[in-house]
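Novice: Sequence and predicted structure, then a few things I'm wondering about:
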Amino acid sequence: QVQLVESGGGLVQAGGSLRLSCEASGRTFSSYAMGWFRQAPGKEREFVSAISSSGRTTYYAQSVKGRFTISRENAKNTVYLQMNSLKPDDTAVYYCAQNKRPSGSGSMKQYDYDPWGQGTQVTVSS
């Protein structure tokens, strides 16, 4: 059974940084693109960032470009999201997800991903 476990969320002041981690188990991690999504209170879940299976190609939402960095360590079955210059608008539950099919490329579309992690709360105070 495939399982994704996120960690690293918390409370931080505006301008601060956090690094989220997502450890995967259950299938060959290096064969699958990974993504990060987030859902703020009262809003729909939205794409944040994605990375190809090799790690060579990355994608970012315009709202986080230049502030967030996605990376992966295939030897550790882990994908990371380094979040710098955090803003109150970044407050949300952050989810990692694995592409449904083994594929090199990433995707910004939620329906391309399954399974999903349980989410980790990120709260940015002003």
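Specialist: Everything's here; your move.
Novice: Just the CA coordinates for stretch 7-14, please, in CSV.
Specialist: Listed next in CSV are the C-alpha coordinates belonging to stretch 7-14 (Å, rounded to 0.1, in the frame of the first residue of the first chain):
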residue,chain,number,x,y,z
SER,A,7,6.0,16.8,8.2
GLY,A,8,7.5,20.2,8.9
GLY,A,9,4.5,22.4,9.2
GLY,A,10,4.0,24.9,11.9
LEU,A,11,3.5,28.5,13.0
VAL,A,12,5.9,31.1,11.6
GLN,A,13,5.9,34.9,11.4
ALA,A,14,5.6,36.6,8.0
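Novice: residues in contact with residue 19?
Specialist: Neighbouring residues of residue 19 by Cβ atoms under 8 Å, 6 or more residues apart in numbering: 8, 80-83. Glycine gets a C-beta too; all of them are placed from N, C-alpha and C.
Novice: Now do the residue positioned nearest the centre of the chain, the pLDDT please.
Specialist: With distances taken as Cα atoms, centre = their mean, the residue of the chain nearest its centroid is residue 36 (2.3 Å). According to the prediction, residue 36 has pLDDT 98.
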